[in-house]
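Peer 1: just a sequence and a predicted model for now, questions to come.
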Amino acid sequence: MRLRADAGTCAGAGQCARVAPDLFDQDGDGLVVLLRAEARGPARERALLTADLCPSGALRVHGSA
């Protein structure tokens, strides 16, 4: 599963970094930073959850790998 994070759309809520710290972080301004472009195994569920929780819609998941 491929991940995309748009810092320009990010509102800095931090849900992604709390739910999936192995996939996402926040920069000094609190905006999303993508740590890994792919999620596999158990990380897939966290990636899907973070995309659903993101209040600004800054996170996208693609594919099923």
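Peer 2: Yep, that arrived.

Peer 1: going forward, measure contacts between C-alpha atoms and count neighbours the same way
Peer 2: OK.

Peer 1: how much space separates the residue nearest to Gly63 when sequence neighbours are not counted from Asp29?
Peer 2: Nearest non-adjacent residue to Gly63, counting by C-alpha to C-alpha, 6 or more residues apart in numbering: Met1, 4.9 Å away. Taken as C-alpha to C-alpha, to the nearest Å, the spacing of Met1 relative to Asp29 amounts to 27 Å.

Peer 1: who has more neighbours out of these two?
Peer 2: Set Met1 next to Asp29 and count neighbours by other C-alpha atoms under 10 Å: Met1 wins out with 16 against 7.

Peer 1: how about the contacts made by Ala11?
Peer 2: Residues in contact with Ala11 (C-alpha atoms under 8 Å, 6 or more residues apart in numbering) are Leu31, Pro55, Ser56.

Peer 1: count the residues that sit near the first one.
Peer 2: To tie it back to what came earlier, the one meant is Leu31. Counted with other C-alpha under 10 Å, Leu31 comes out at 21.

Peer 1: ok, it touching Ala5?
Peer 2: No. Contact status for Leu31 versus Ala5: not in contact, 9.7 Å apart, counting by C-alpha atoms under 8 Å.

Peer 1: what's the longest helix in this structure?
Peer 2: helix 42-53 (DSSP state H).

Peer 1: strand partners (parallel or antiparallel) of the next helix or strand after it?
Peer 2: The first helix or strand that comes after helix 42-53 along the chain, using DSSP states H and E, is strand 59-62. Sheet pairing of strand 59-62 (DSSP bridges) gives strand 2-5 (antiparallel).
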